[in-house]
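1. quick check, what structure comes out for this input:
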Amino acid sequence: MKTSINSRLLKSISLSFLIAFAAFSPAQAVEKDKFRIAWTIYVGWMPWDYGANAGIVKKWADKYGIEIEVVQINDYIESINQYTAGQFDACTMTNMDALTIPAAGGLDSTALIVGDFSNGNDGIVLKGKSDLADIKGQQVNLVELSVSHYLLARGLDTVGLSERDLTVVNTSDADMVAVYTTPDVTAVVTWNPLLSEIMAMPNSNKVFDSSQIPGEIIDMTVVNTETLNDNPKFAKALVGAWYEIMANMSGDNETGVEARTMMAKASGTDLAGYESQLASTKMFYAAQDAADFVNSDKLVETMKLVSKFSFDHGILGEGAESPDFIGMAFPGGKSFGDQNNLKLRFDSSYMTMAAEGKL
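-> The predicted structure is shown next:
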């Protein structure tokens, strides 16, 4: 089933690689009328494909006299790398990846649209055991330095354990289901649809999932900050299109069913399969709900947790001397980290405009 198997993967990016990207990044954004957004297959990002094919993106681009090309990239990390290198003006990514790839690479980026957060799409599974504390002493198969790794760390915190109490075994997402069927593998951390496949097997018990850390694994549309500042019409067109798509897909009417069916087909599943993924995803269909989420103090605390995890695992950049190495800015003047190295921003203003009908 062609879903987001590769689209939640986080890889460590070396400093030299990031420097190479920075060399190709445009020195200064300017006002322009043609833009590109990259996306990869994942339940929360399929709306961009639907919006492009249904003409909604073009409708909003035409309103502001611009052109927006919506481009699918088969490899998730590669899409972010290309965005970081300046080949795209916007890109879909998680909050962790936004911090550890473009921001860590020196590209000032803004989370323009917060579309959803994982609400059960990611989970820890034990074979034959039913309590998370039973994971102590086990080998745990997961994609290292991914949101699965982050979920494990957060889960261990809840039972007074740490990674020192177990052994992490780096396992390809493509191999996860097959590996789990072997007798020696007794603990895995993974995401849907792999999670659902594993949970359907005998003696499988989900002992922790992302619904227990709501709002921490966030899926976003991120824009180059300089491009955003020079081209607010691009942001207005993107946000306007997004919430028209949200209105369409969230309905129980014929339009909603048609929209979700198109997204299901494009992601390699059927309507039931796609709606099952939506059920474990907290979609912000309403712009005000998304804006409220971004305006909340909880988001700041979440990003502090993500920054600490990233620093502890050496993926905040080789020059990082502490978890606050990269500065982040939030609505209402809130901030975290080194404001002299401000590289990641969360902006609710355009979502608020959408909520107020001002786009």
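2. tell me which strands the longest strand belonging to the chain pairs with, and in which orientation.
-> Longest strand in the chain, counting residues (DSSP state E): strand 109-118. Using DSSP bridges, the strands paired with strand 109-118 are strand 218-224 (antiparallel), strand 281-283 (antiparallel), strand 342-346 (parallel).
3. which of those strands is buried the deepest?
-> Comparing the strands paired with strand 109-118 by mean neighbour count (mean count of other Cβ atoms under 10 Å), strand 218-224 comes out on top with a mean of 26. The C-beta positions use only the backbone N, C-alpha and C, and glycine is treated the same way.
4. what's it in contact with?
-> For strand 218-224, the surrounding residues in contact (Cβ atoms under 8 Å, 6 or more residues apart in numbering) are 29, 37, 42, 44-45, 48, 83, 86, 89-95, 98, 102, 107-118, 234-235, 238, 242, 302.
5. closest to the centroid, which residue in this protein?
-> By Cα atoms, centre = their mean, the chain has its centre lying nearest to Thr94, at 2.1 Å.
6. beta partners for it?
-> Under the criterion used here (DSSP bridges), Thr94 is bridged to Asp219.
7. and what of Val140?
-> Val168.
8. report the contact partners of it.
-> Val140 makes contacts with Ile124, Leu152, Leu166, Thr167, Val168, Val169, Ala187, Val188, Val189, as judged by Cβ under 8 Å, 6+ apart.
9. quick check: the gap between it and Glu197.
-> Val140 sits at a distance of 18 Å from Glu197 (criterion: Cβ to Cβ, to the nearest Å).
10. can you pull out the helices in the stretch 51-200 of the chain?
-> Ranges of helices in the stretch 51-200 of the chain, per DSSP state H, counting those that start in this stretch, are 56-63, 76-84, 95-98, 147-158, 176-180, 194-199.
11. out of these, which one sits most buried?
-> Highest mean neighbour count among these (mean count of other Cβ under 10 Å): helix 95-98, with a mean of 27.
12. so which residues make contact with that one?
-> So helix 95-98 is contacted by 10, 77, 80, 109, 111, 147, 150, 217-218, 220, 222, 302-303, 306, 309-310, 344 (Cβ under 8 Å, 6+ apart).
13. could you check how far it is from the centre of its chain?
-> 6 Å (Cα atoms, centre = their mean, to the nearest Å).
14. pull the CA atoms of the one helix or strand Glu301 maps to into PDB?
-> Counting by DSSP states H and E, the element that carries Glu301 is helix 297-312. C-alpha atoms of helix 297-312 as PDB (Å, rounded to 0.1, in the frame of the first residue of the first chain):
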ATOM      1  CA  ASP A 297       1.900  28.200  25.500                       C
ATOM      2  CA  LYS A 298       2.000  24.400  25.100                       C
ATOM      3  CA  LEU A 299       3.500  24.700  21.600                       C
ATOM      4  CA  VAL A 300       6.500  26.500  23.200                       C
ATOM      5  CA  GLU A 301       6.900  23.700  25.700                       C
ATOM      6  CA  THR A 302       6.600  21.100  23.000                       C
ATOM      7  CA  MET A 303       9.400  22.700  20.900                       C
ATOM      8  CA  LYS A 304      11.600  22.800  24.000                       C
ATOM      9  CA  LEU A 305      11.100  19.100  24.400                       C
ATOM     10  CA  VAL A 306      11.900  18.500  20.700                       C
ATOM     11  CA  SER A 307      15.000  20.700  20.900                       C
ATOM     12  CA  LYS A 308      16.300  18.800  23.900                       C
ATOM     13  CA  PHE A 309      15.700  15.500  22.200                       C
ATOM     14  CA  SER A 310      17.500  16.700  19.100                       C
ATOM     15  CA  PHE A 311      20.400  18.100  21.000                       C
ATOM     16  CA  ASP A 312      20.800  14.900  23.100                       C
END
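15. about what we covered before: mind putting the contacts of Val140 in CSV, distance to Ala259 and pLDDT included?
-> Converted to CSV, the contacts of Val140 look like this (distance: Cβ to Cβ, whole Å; pLDDT from 0 to 100):
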residue, distance to Ala259, pLDDT
Ile124, 33, 98
Leu152, 35, 98
Leu166, 42, 98
Thr167, 44, 98
Val168, 39, 97
Val169, 40, 96
Ala187, 38, 98
Val188, 33, 98
Val189, 32, 96
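16. buried ones among these?
-> Neighbour counting with 16 or more other Cβ atoms under 10 Å marks Ile124, Leu152, Leu166, Val168, Ala187, Val188, Val189 as buried within the contacts of Val140.
17. among the residues you listed, which are in strands?
-> Among the buried ones among the contacts of Val140, DSSP E puts Ile124, Val168, Ala187, Val188, Val189 in strands.
18. can you tell me which two in those are farthest apart?
-> Farthest pair in those (Cβ to Cβ) is Ile124 and Val168. Separation: 12.2 Å.
19. quick check: neighbours shared by those two?
-> With Cβ under 8 Å, 6+ apart as the test, Ile124 and Val168 both reach Val140, Leu152.
20. thinking again about what came up before, which one of the helices of the stretch 51-200 of the chain lies closest to Ser211?
-> Closest of those to Ser211 is helix 147-158, at 10.8 Å (criterion: Cβ to Cβ).
21. for Asn121, give me its contacts.
-> Residues counted as contacts of Asn121 (Cβ under 8 Å, 6+ apart) are Val43, Trp191, Asn192, Leu195, Asp209, Ser210, Ile217, Gln277, Ser280, Thr281.
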